[in-house]
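Trainee: Have a look at this prediction, sequence included:
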Amino acid sequence: MSLPEDLGIVVVNYGPPDLLEANLVQLGRRLTTGRVVVVDNFSTLAHREATTALAAREGWSLIAPGLNLGFGAGVNAGARLLISRGCSRLLLINPDARIDEAGVLALATACAANPQQLQSPRIVRPDGSLWFAGGTVDVGRGRTRTGDPVDSSAPGGWLSGSCLMVHAHLWDWLGGFDETYFLYWEDVDLSWRCLAAGGTLLVRDDITVVHSVGGTQDTSGKSPLYVYSNCRNRLAFAARHLDRRHVMRWLLLSPVYAAAVLQRGGRRDLARHAVPLLMAAARGTVAGAGLAMRTLIAPAPANRPAVIRRLNPVREDS
């Protein structure tokens, strides 16, 4: 059975196109021309030229901004293009993630049957170890939690943006990713907005994606941007979705969270790059704290989480 005509794929790339060549070419050739959109966030001229050549060879549509839009804005741009071309089912996938045709077809079929549901496959590392099979936000501890057993469909759940299947109607209803996150936590935010609007989340344990974790990074360890974004966006998420008591708690727990983020690249990497990483953690925490403080000092009615329209029944026209 071939992939449906109304399916489109969005991939946000940064850096050389090696991962696109390895993971997207075979799958992309199973789709109609124009149904694969690569958003190439600018890194260098050499990378842009190589990515442009690959896209032209494969018949992919290339969105090539002159700067780095960030992950959320890149996905939004690709999704808009595909929806304008009539795609009603969207696969959002990282360049360092690989899924086979059968997995895509299963996700697309379920998306048509339940268009108010965000879906993610089970995600493993190249060695077969589990990377993501569900996530939840531990509100009390001020952090996310993944691994077995974590049920994304439970209250507080979320799905990884590394590989998502979403119906275009749901995507439009939610407004896509919040671009103010730029990088990291935008998938947690989208998941919570989906749940608040009456949608559901599901991890498909019968579908597996292989994710070369960190494959999009040029160096080993975690970059200052990674550290900054996680520290800032955690508090941005709290300011948007949590009550004052929990925002204050998350704010007080920020040093503990920042220390944990700094350790994710390993102690050796932290020792080698201590100054830029520590500065990134401090800057990100301060930036996020500013957002949190605005919530804490705002009048009580304005502090309530933004009202999200409840989903009307979405009909699959096909």
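Mentor: Perfect, thanks for sending it.

Trainee: Burial check on Ala110, number of neighbours?
Mentor: Look at Ala110: counted by other C-beta atoms under 10 Å, it has 17 neighbours. Every C-beta, even on glycine, is put in place using the N, C-alpha and C of the backbone.

Trainee: scratch that, Leu225 is what I was asking about
Mentor: 15.

Trainee: That one contacts Ala281, correct?
Mentor: No: here Leu225 does not reach Ala281: they are 11.6 Å apart, not a contact under C-beta atoms under 8 Å.

Trainee: Okay, now the unreliable bits of the stretch 151-300 of the chain?
Mentor: Where the stretch 151-300 of the chain drops to pLDDT under 70, the residues are 214-220, 300.

Trainee: which helix is the longest one in this protein?
Mentor: helix 274-297 (DSSP state H).

Trainee: in that one, what counts as buried?
Mentor: Using 16 or more other C-beta atoms under 10 Å as the test for burial, helix 274-297 gives Leu277, Ala280, Ala281, Gly284, Thr285, Ala287, Gly288, Ala289, Leu291, Ala292, Thr295.

Trainee: What of stretch 147-156?
Mentor: Going by neighbour count (16+ other C-beta under 10 Å), the buried part of stretch 147-156 is Val150, Ser152, Gly156.

Trainee: The last one and Gly135 touch, don't they?
Mentor: Yep, that's Gly156 we're talking about. No: Gly156 lies out of contact with Gly135 (C-beta under 8 Å); the separation is 9.1 Å.

Trainee: Strands along this protein, start to end?
Mentor: In the chain, the strands defined using DSSP state E lie at 7-14, 36-41, 61-63, 89-93, 97-98, 117-124, 130-132, 135-138, 143-146, 157-158, 163-167, 200-211.

Trainee: Using CSV, lay out these together with mean neighbour count and distance to Gly266.
Mentor: Below are the strands of the chain laid out as CSV (neighbours: other C-beta atoms under 10 Å; distance: least, C-beta to C-beta, whole Å):
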stretch, mean neighbour count, distance to Gly266
strand 7-14, 25, 22
strand 36-41, 26, 26
strand 61-63, 18, 35
strand 89-93, 27, 27
strand 97-98, 22, 23
strand 117-124, 23, 21
strand 130-132, 18, 17
strand 135-138, 19, 22
strand 143-146, 16, 19
strand 157-158, 25, 25
strand 163-167, 25, 25
strand 200-211, 18, 19
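
Trainee: Just send those back as CSV, with distance to Thr109 too.
Mentor: As requested, the strands of the chain are arranged in CSV below (distance: least, C-beta to C-beta, whole Å):
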stretch, distance to Thr109
strand 7-14, 10
strand 36-41, 19
strand 61-63, 24
strand 89-93, 9
strand 97-98, 20
strand 117-124, 10
strand 130-132, 22
strand 135-138, 24
strand 143-146, 26
strand 157-158, 22
strand 163-167, 10
strand 200-211, 11
